[in-house]
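Colleague: this one's sequence-less:
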């Protein structure tokens, strides 16, 4: 399950970059979030089966990273804050009709870059 979810995360991340390059910021954000979601599922592995809520998955994700010692506690705290922020932004985008314009392109790029960095960091540390 881990490899499959990480592959999905990488695919969604590529789509996010393509959307960003073509100024489809809302699509870039949605795909960025999906990449992060699949990344969390990959890290959590089979423990993610049956998880029905984002907060529950995030909690399992942080616990799993902590147990594996892949990130330091202060990094995990920052990661949890980032995850909550990304979730809130995408929730606003998809449920409340908030739209991002070109003036927000750098913020969207920051989200996409951060997710890419997290995935690459995780993959390099678990080898």
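Modeller: Good, I have the coordinates. Keep in mind the model is a prediction, meaning the values are calculated, not measured.

Colleague: tell me the contacts of residue 54?
Modeller: 37, 87 (Cβ atoms under 8 Å, 6 or more residues apart in numbering). C-beta coordinates here come from the backbone N, C-alpha and C atoms, glycine included.

Colleague: so how far is residue 20 from it?
Modeller: Per Cβ to Cβ, to the nearest Å, residue 54 is found 23 Å from residue 20.

Colleague: again with residue 3
Modeller: For residue 3, the distance to residue 20 - Cβ to Cβ - is 26 Å.

Colleague: compare those two (neighbour count), which wins?
Modeller: Using other Cβ atoms under 10 Å, the more surrounded residue of residue 3 and residue 20 is residue 20, with 21 against 8.

Colleague: for that one, which non-adjacent residue is closest in space?
Modeller: Excluding the flanking residues, the one nearest residue 20 by Cβ to Cβ, 6 or more residues apart in numbering is residue 28, at 4.1 Å.

Colleague: that neighbour touches residue 16, doesn't it?
Modeller: Yes - counting by Cβ atoms under 8 Å, residue 28 touches residue 16, with 4.8 Å between them.

Colleague: so after the helix or strand residue 94 falls within, what's the next helix or strand?
Modeller: Following DSSP states H and E, one finds residue 94 within helix 73-95. Once helix 73-95 ends, the next helix or strand along the chain (criterion: DSSP H and E) is helix 105-125.

Colleague: so how far is that next one off the chain centroid?
Modeller: In this view, helix 105-125 has its centroid 8 Å away from the chain centroid, taken as Cα atoms, centre = their mean, to the nearest Å.

Colleague: and if you look at stretch 3-12?
Modeller: Counting by Cα atoms, centre = their mean, stretch 3-12 comes out at 11 Å from the chain centroid.

Colleague: coming back round to it: quick one: which of residue 28 and residue 16 has more around it?
Modeller: Neighbours per residue (other Cβ under 10 Å) separate residue 28 from residue 16, with residue 16 holding more: 28 against 24.

Colleague: any idea how far residue 89 is from the more buried one?
Modeller: 13 Å.
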